[in-house]
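Peer 1: after the sequence you'll find the predicted model.
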Amino acid sequence: MKSYTVDFESFEVEANTYEDAKRIATNQAWDNHGMRLDDDLIQEGEQKTDAEHLYNEDGTISRKLKYDEYKLRFKYRVFKNGHKWAPLFYSELKGKPDFTKWVAEQKLIFNRKFNNINFSFNPILELEFELDNGKWEKEIETEFAAGLSYDRGENFSYGIDLKSSEYSTYIGPVLAHGNEDKWWTIGIMKKVAGEDEKAELVLRSIMGFHF
């Protein structure tokens, strides 16, 4: 008889096989705590062959590292009149590898610089299509993003970002380093309003290189 340790509530299960331990632990989690067991089952000692997997509710294995999305991005300037508020168009297409879901996002990038102060404003329109029981379901979402930053010189700038939609609103600091050829931006945003299932914190890190 082997002993298996379960992360959920840290109780042990005695069973002959790993699958039996998973079944017993799942039942105990529900009977004792009224909750579904959704943590990994970690074998003690040298018996950790299954610790590299996550188990789905139906017993199938889902690996921790997987390819789940493709993404294409485009930036292009439509207006060539040189107006100070002429926007830059940004388009993004992303979807699942099995082509059961894809999302098209269109963003207008308005940007204006006042000496060392940079202000940006981005209205966003997102179209989402998902295949559900043989039928394509469509959802339209609008978002708003804005940022204010200060260029302190030496290729450093810092500021604050805001992003809001009908589901949530986030705000937080951002730091950028680099120039037009290569740059790195990192920021963290906290939810100040929105639905409970939305993340409380969002960490963003973007690197860019122009060739």
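Peer 2: That came in fine, so what should we check first? Numbering: from 1, shown residues only.

Peer 1: so Glu130 sits in a helix?
Peer 2: No - counting by DSSP: H, G, I helix; E, B strand; the rest coil, one finds Glu130 to be strand, located in no helix.

Peer 1: what pLDDT does Ile24 get?
Peer 2: If you check Ile24, the pLDDT there is 74.

Peer 1: before we move on, what SS does it have?
Peer 2: Secondary structure for Ile24, judged by three-state DSSP, is helix.

Peer 1: Asp20 belongs to a helix, doesn't it?
Peer 2: Yes - the assignment for Asp20 is a helix, going by three-state DSSP.

Peer 1: isn't Leu93 up against Trp102?
Peer 2: Yes - Leu93 lies in contact with Trp102 (CB atoms under 8 Å); the separation is 6.9 Å. To be clear about C-beta, it is placed using only N, CA and C from the backbone, and glycine gets the same treatment.

Peer 1: show me which of the two is the more surrounded one.
Peer 2: In terms of neighbours (other CB atoms under 10 Å), Trp102 is the more surrounded of Leu93 and Trp102; the figures are 17 against 13.

Peer 1: give me the neighbour count for the closest residue to Phe156 other than its chain neighbours.
Peer 2: Spatial nearest neighbour of Phe156, excluding adjacent residues (CB to CB, 6 or more residues apart in numbering): His177 at 5.5 Å. By other CB under 10 Å, 14 other residues sit near His177.

Peer 1: now do the one 10 residues further on
Peer 2: For Gly187, the neighbour count with other CB under 10 Å is 20.
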